Every structure is written in structure tokens, then in C-alpha cells.
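*Asks:* Prediction below, plus the sequence it came from.
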Amino acid sequence: MTRNALILVGLPLLLGLVVGVPVGMALGPRQWAFAGIAFGLCVPPGLVTLLLGEYLIQTSPFGRVLAVFAGTFVRLVVAFGGGVLVFALAGPAERADRVAFWLWVLFAYLTTLVIETGLMARSPGAGAVRLAGNNESRV
């Protein structure tokens, strides 16, 4: 669980840096702020979703389905809802570059989603449910 959490936090931030530095150098430092805001809005709900999904998969035969719905809800509300809030509170100069802001939010969201999905798909116990009262696993 700790390894997956570190990967989910570290890898999107690393990709954000790899993409954000050249974009910021080419288009201006405002892009760095947009990237920081976007990844700040998308990585924490991804981490919550990963931890919730790992817990639900281990405790319920319907855990995977619950994790998908809960994760989608948490990610959308926090990432895009937070993006709307930040955008509404931003100054006129930042609002003038709205396409860049929303592209950063979308990039951060999709990056985090792909990494989280990969981690969930290969997590141990992803296809098995531990039966209560014995040590057998059912696939």
C-alpha cells in the first residue's frame, strides 16, 4: 500500500515537472502555476481513491465496483470542482488563459487516472476475495 501511494504521488508530479518546465519556458511562468494548481487538485483525490479502492477490494466482493463509483465521484468533485473554484477566484490575467489552465487540469487528471488504474489493476488481491472464517481465496 505504501509503495503504491508513493508511486501515485511521485510519478504524476515527476511527469508534471518533465512537461511543465519546457512549457513554462516556452509560454511563460504562468504555466508553472497552472501545472502546480492542476496537480495539486488531481493527485490528492487520486491518492484517496487508491487507498479507498485497496480497502474496498480487500473487504467486499463488490469492492471493485464500489471503488470505481466512489473514485469517479471523488476525483470529479475535487479535481474539476476545485478547478472551477480556482478559476472563478483567479484574476483577469489568469482567466484570459483559460484554455491553458483547463488543459493542465485535464492533463493532470488523466495522468493521475492512468497511473492509479495501472496500480489498481496489478494490486495483489485485485481478482481474489478473502472468504471470512478461513484462509481460502476465491477468484
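*Replies:* Everything's here; your move.

*Asks:* remind me, longest helix of this structure?
*Replies:* What stands out as the longest helix in the chain, according to DSSP state H, is helix 30-59.

*Asks:* what pLDDT, on average, does that helix get?
*Replies:* Here helix 30-59 scores 91 as its mean pLDDT.

*Asks:* In contact with the closest residue to residue 86 other than its chain neighbours, which residues?
*Replies:* In space, and not counting its chain neighbours, residue 86 is closest to residue 37: 5.8 Å by C-beta to C-beta, 6 or more residues apart in numbering. Bear in mind the C-beta positions are built from the backbone N, C-alpha and C, glycine included. When the contact criterion is C-beta atoms under 8 Å, 6 or more residues apart in numbering, the partners of residue 37 are 83, 86, 101, 104-105.

*Asks:* out of the residues you listed, who has the most neighbours?
*Replies:* residue 104 (26 neighbours; other C-beta atoms under 10 Å).

*Asks:* ok, now which ones touch the residue most central in space within the chain?
*Replies:* Residue closest to the average C-alpha location in the chain (C-alpha atoms, centre = their mean): residue 46, at 3.1 Å. Shown in contact with residue 46 (C-beta under 8 Å, 6+ apart): 8, 12, 75, 112-113, 115-116.

*Asks:* The closest residue to it other than its chain neighbours sits in which helix or strand?
*Replies:* Closest residue to residue 46 apart from its sequence neighbours, by C-beta to C-beta, 6+ apart: residue 112 at 4.0 Å. Using DSSP states H and E, residue 112 sits within helix 98-121.

*Asks:* and that helix, what does it pack onto?
*Replies:* Applying 3 or more C-beta pairs under 8 Å, 6 or more residues apart in numbering; DSSP states H and E, one finds that helix 98-121 contacts helix 2-27, helix 30-59, helix 63-75, helix 82-89.

*Asks:* can we see that at 7 Å?
*Replies:* helix 2-27, helix 30-59, helix 82-89 (3 or more C-beta pairs under 7 Å, 6 or more residues apart in numbering; DSSP states H and E).

*Asks:* Nice, that's everything, thank you.
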